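1. Give the three-dimensional model of this entry:
(2 chains)
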Number of protein chains: 2
Amino acid sequence: MEELKAKILKEGKVLGNGILKVDSFINHQVDPMLMDICGKEFARRFAGVGATKVLTAEISGIAPALTTAIHLGLPVVYARKTKPITMPDQVYLTLAPSHTKGRMVELIISPEHLQKGERVLIIDDFLASGATILGLVRLAETAGAEIVGIGALIEKNFEGGREALKKVGVQVESLAVIASLDNDTITFAE
Amino acid sequence: MEELKAKILKEGKVLGNGILKVDSFINHQVDPMLMDICGKEFARRFAGVGATKVLTAEISGIAPALTTAIHLGLPVVYARKTKPITMPDQVYLTLAPSHTKGRMVELIISPEHLQKGERVLIIDDFLASGATILGLVRLAETAGAEIVGIGALIEKNFEGGREALKKVGVQVESLAVIASLDNDTITFAE
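-> The predicted model follows:
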């Protein structure tokens, strides 16, 4: 999507080690107008999949998942990384490696808010190795829900995520696909 | 605001110890339509304060802050509770007690995204003791920014937050004010 790519080129910073810093418009400061048009675009691309719920992981997935959910008119659930005291004792929990934290993180969903038969559209900020998204897939499948689509704002296609998601067998959409961050330069895929 | 009050009465659960569970529409599952109309209402109430930025704290503040920012056409910054590796070494950091976590949490903002002269509208999910919001006030003031308004979705007026915020000297708006959670019953203020 051109608006997102233009913003990445203007404000994204390559930090080395495959990390793209986008905290002026996604991860710390958020550009709400950009998130709104990204959500609208996800809603357009996934209009036909029959989703009943949008699923994401806290924290950075919340903004794009929320705007997508607004445009689809669906509830959104964000997996928690620490269990709040308001959550029941029995939860769905899985572990996923965090690229930016350098360790495993927990992904936790309350059975109250993800149930058998739901049709789940996963939306996240990044598709890199796919590990976080696959964690969300495991949680949804454990709940007896069906994944019907996966969307990411930014895909780093050199980290293998799209390949790893093939086994899920659903439509995968990224709004900006980065082919390389070598030499501190952001290169988009064709 | 009637829509929010109706949702609280329908789905909110009193857990005891002054805790109101709202994780079916704010804290875990989010009702995007409700968040959108709450954001629109905050935008209406704070239309005249001349804000240049919306500020909140991760995680539960993100949804209402984002929809408010969409309706005001302003960027939003969410204070982080752990410092990501993409953040510079020098940050603004303060500590605030977390009611639902039972311990102190860090609130961290990068100097890149909160600067001298900015006019900050704080939006959060709850106004209880006011401790988190006062933490955000300290961070903004340290950055040389000015607070121009404070909004919360839900105020628990028996926890003293509004009194604690008086010293900030700005307009404080809550969309639903709860006077009591005694006897597992949600009672709104007049």
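2. only C-alpha atoms for contact and neighbour calcs from this point on.
-> OK.
3. contacting residues around residue A:87?
-> residue A:110 (CA atoms under 8 Å, 6 or more residues apart in numbering or on different chains).
4. That one in helix, strand or coil?
-> coil (DSSP: H, G, I helix; E, B strand; the rest coil).
5. pLDDT score for it?
-> Each residue has a pLDDT score; the one for residue A:87 is 92.
6. got the phi/psi numbers for the spatially most central residue of chain A?
-> With distances taken as CA atoms, centre = their mean, the residue of chain A nearest its centroid is residue A:124 (1.1 Å). Residue A:124 adopts backbone torsions of phi -140, psi 170, taken as degrees, to the nearest 10.
7. I'd say it and residue A:59 touch.
-> No: Residue A:124 lies out of contact with residue A:59 (CA atoms under 8 Å); the separation is 9.5 Å.
8. thinking again about what came up before, for chain B, see how far away the nearest residue to the residue nearest to the centre of chain A once chain neighbours are set aside is.
-> Leaving out its chain neighbours, the residue that sits closest to residue A:124 by CA to CA, 6 or more residues apart in numbering or on different chains is residue A:61, at 4.4 Å. The gap separating residue A:61 from chain B is 11 Å, by CA to the nearest CA, to the nearest Å.
9. Up against chain B, what does chain A have?
-> Contact residues, chain A versus chain B (CA under 8 Å from any CA of the partner chain): A:15, A:21, A:23-24, A:28-33, A:36, A:58-59, A:62-63, A:66-67, A:69-70, A:73-80, A:84-86, A:100-101, A:113.
10. redo that, cut-off 6 Å
-> A:21, A:28, A:29, A:30, A:31, A:32, A:70, A:75, A:76, A:77, A:78, A:86 (CA under 6 Å from any CA of the partner chain).
11. Contacts only, for the third one.
-> Taking CA atoms under 6 Å, 6 or more residues apart in numbering or on different chains as the contact definition, residue A:29 lies against A:23, B:76, B:77.
12. beta partners for it?
-> residue B:77 (DSSP bridges).
13. Then the first one?
-> Bridge pairing for residue A:21 (DSSP bridges) gives the partners residue A:13.
14. one step back: pull the number of nearby residues for the residue nearest to residue A:124.
-> The tally of other residues near residue A:61 (other CA atoms under 10 Å in any protein chain shown) stands at 22.
15. so it touches residue A:125, yeah?
-> Yes: judged on CA atoms under 6 Å, residue A:61 makes contact with residue A:125 at a distance of 5.1 Å.
16. thinking again about what came up before, tell me the confidence at the residue nearest to residue A:124?
-> 96.
17. what do you get for residue A:100?
-> 69.
18. Do me a favour and get the end-to-end distance for stretch A:23-32?
-> 13 Å (CA to CA, to the nearest Å).
19. from the chain's centre, how far out does it sit?
-> What separates the centre of stretch A:23-32 from the centre of its chain is 15 Å, taken as CA atoms, centre = their mean, to the nearest Å.
20. Give the rounded mean pLDDT of it.
-> 97.
21. Show me what secondary structure element comes after the longest helix along chain A.
-> Using DSSP state H, we find that the single longest helix of chain A is helix A:32-45. Toward the C-terminal end, the helix or strand that comes next after helix A:32-45 (DSSP states H and E) is strand A:53-57.
22. Report all helices and strands that that next one contacts.
-> strand A:76-79, strand A:119-127 (3 or more CA pairs under 6 Å, 6 or more residues apart in numbering or on different chains; DSSP states H and E).
23. So what's the gap between it and the chain middle?
-> For strand A:53-57, the distance to the chain centre is 8 Å (CA atoms, centre = their mean).
24. could you point out which element follows it?
-> Next element after strand A:53-57 (DSSP H and E): helix A:62-72.
25. Measure how that following helix sits relative to strand A:53-57, angle-wise.
-> 170 degrees (axes from the mean of the first three to the mean of the last three CA atoms, to 10 degrees).
26. Quick one: neighbours of the closest residue to residue A:79 other than its chain neighbours, just the number.
-> Leaving aside its chain neighbours, residue A:79 sits nearest to residue A:57 (4.6 Å; criterion: CA to CA, 6+ apart). Neighbour count of residue A:57, defined by other CA under 10 Å: 24.
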